[in-house]
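Asks: Need a 3D model of the sequence below.
(one chain, ligands or ions: 1)
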Amino acid sequence: MNYDGDIIRPPSEADSIIIQVTVGCSHNKCTFCGAYKDKSFRLRSEDEILENIAFAAKYCKRQKRVFLADGDALILSQKRLLHIFSLLNTHLPQVRRIGLYGNAKAIRSKTTEELRELKSLGLDRIYMGLESGDDEILQKVKKGESGDAMILAATRVRDAGIFLSVTVLIGLGGINNSLRHAKESARVLSQMQPRQIAALCLMPLSSTPLGAEYKSGDFQLPDAKGMLLELRELIRNITCRRVMFMANHASNHLPLQGILLRDKTMMIEKINAALEGEQPLVPEQFRAL
Ligand code: SF4
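Replies: Numbers count the residues shown, from 1 in each chain. So this is what the prediction gives:
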């Protein structure tokens, strides 16, 4: 498969055919994110996309899912997306599910009807980064969004009947704003009502502005215990129902997974046990992004 640079995809898309339709991220300003810092955003040409699809049609006949890379493929115009979806349907008839990253701005650039149209052609799953529900933190990390704007975007995805997976970053408020970050994120997530929440732990990268702040001491990251307290506060305050909650990414200190609200007590008890030293944490050298 001919890709431009490294490809990043959600863990749950590990078995998907990756078709790269854009390069980089159209926003690319978040101070904590090093994913696409070395890439200038561009749309891939028709020839490049067709080359990916032709490769997949020849060698990926058993794979039934497609993930459209890179960072926010949903930012493509509706006309362009409809064209790509029809190419996928024609050349990869075995594909049952299409997923992509969509930031809040890209989602809001589509009407509910347009999202429904994409769903009818196979768009099944949108992965969106909330990072924090706290407006001050969002502004500080240059996310370019507010909590309310994220809720609006999430509502549109839900109304279109598309599965929404949302990521929140434990530690993003630093030590000083840790519990506020947790509470505000829980408040916004509860209104977004996604189908899946993934809580990752921030690991500052030296290549990012936040990494530089961390190195200079201007940003103080909570330690493992602080992150667990923050995670507990987040889980405690989430009120939406029937959502898969996952904190089992390689960056997490304590792998956790459950359905909210059903498993809230179980997850909080597991965190309490870890805080009491009765539950082992992932050794630092095994944590990764
Ligand atoms: S976090 Fe998402 S929106 Fe922000 S720069 Fe990274 S890929 Fe782009």
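Asks: quick one: secondary structure of whichever residue of the stretch 51-200 of the chain sits closest to the ligand?
Replies: Distances between the stretch 51-200 of the chain and the ligand by C-beta to the nearest ligand atom are smallest at residue 71, namely 3.9 Å. In short, each C-beta sits where N, CA and C put it, glycine included. Using DSSP: H, G, I helix; E, B strand; the rest coil, the structure places residue 71 in coil.
Asks: Next, the closest residue to it other than its chain neighbours: secondary structure please.
Replies: Among residues not flanking residue 71 along the chain, residue 25 sits closest, at 3.2 Å (C-beta to C-beta, 6 or more residues apart in numbering). On the three-state scheme (three-state DSSP), residue 25 is labelled coil.
Asks: Now for residue 25: which residues touch it?
Replies: Residues in contact with residue 25 (C-beta atoms under 8 Å, 6 or more residues apart in numbering) are 33, 35-36, 39, 41, 70-72, 103.
Asks: Looking at those residues, spot the one nearest residue 250.
Replies: When the contacts of residue 25 are ranked by distance to residue 250 (C-beta to C-beta), residue 35 comes first, at 15.0 Å.
Asks: Touching, that closest one and residue 8? I think so.
Replies: Yes - using C-beta atoms under 8 Å, residue 35 is in contact with residue 8, at 5.4 Å.
Asks: ok but residue 125 is inside a strand, no?
Replies: Yes - applying three-state DSSP, one finds residue 125 inside a strand.
Asks: What's opposite it in the beta bridge?
Replies: residue 99, residue 163 (DSSP bridges).
Asks: what sits against it?
Replies: 97-100, 162-165.
Asks: Keep those residues, but drop any that are not near the ligand.
Replies: Counting by C-beta under 6 Å from any ligand atom, nothing from the contacts of residue 125 sits close to the ligand.
Asks: Where do the strands of the chain begin and end?
Replies: 17-20, 22-23, 42-43, 65-69, 97-101, 123-131, 163-170, 196-201, 243-247, 256-260 (DSSP state E).
Asks: closest one to residue 150 among those?
Replies: Short answer: strand 123-131, nearest of the strands of the chain by C-beta to C-beta, at 5.4 Å.
Asks: Next, the angle from that closest one to strand 65-69.
Replies: 40 degrees (axes from the mean of the first three to the mean of the last three C-alpha atoms, to 10 degrees).
Asks: got the angle for strand 123-131 vs strand 196-201?
Replies: 40 degrees.
Asks: Quickly check: strand 123-131 near the ligand or not.
Replies: Yes - looking at strand 123-131 against the ligand by C-beta under 6 Å from any ligand atom, the contacts come from residue 129.
Asks: Can I get that strand in CSV? Just the C-alpha atoms.
Replies: Output of strand 123-131 as CSV, limited to C-alpha atoms (Å, rounded to 0.1, in the frame of the first residue of the first chain):
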residue,chain,number,x,y,z
LEU,A,123,-19.9,5.3,7.2
ASP,A,124,-20.4,3.5,10.4
ARG,A,125,-18.0,5.0,12.9
ILE,A,126,-16.5,8.5,13.7
TYR,A,127,-13.6,8.9,16.1
MET,A,128,-13.5,12.3,17.6
GLY,A,129,-11.0,13.9,20.1
LEU,A,130,-12.7,15.8,22.9
GLU,A,131,-9.4,15.9,25.0
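Asks: Any figure for the gap between residue 160 and residue 74?
Replies: Using C-beta to C-beta, to the nearest Å, we find residue 160 at a distance of 12 Å from residue 74.
Asks: what about these two, which has more around it?
Replies: residue 74 (26 against 22; other C-beta atoms under 10 Å).
Asks: burial measure for residue 278, as a count.
Replies: 9.
Asks: neighbour count winner among residue 35 and residue 8?
Replies: residue 35 (19 against 14).
Asks: Any figure for the gap between residue 276 and the ligand?
Replies: 34 Å (C-beta to the nearest ligand atom, to the nearest Å).
Asks: The stretch 101-250 of the chain: helices as residue ranges?
Replies: Along the stretch 101-250 of the chain, counting by DSSP state H, counting those that start in this stretch, helices occupy 104-108, 112-120, 135-140, 147-159, 178-192, 209-216, 224-237.
Asks: by contact count, what packs against the fifth one?
Replies: Right, the one you point to is helix 178-192. Contacts defined by 3 or more C-beta pairs under 8 Å, 6 or more residues apart in numbering; DSSP states H and E place helix 178-192 against strand 123-131, helix 135-140, helix 147-159, strand 163-170, helix 224-237.
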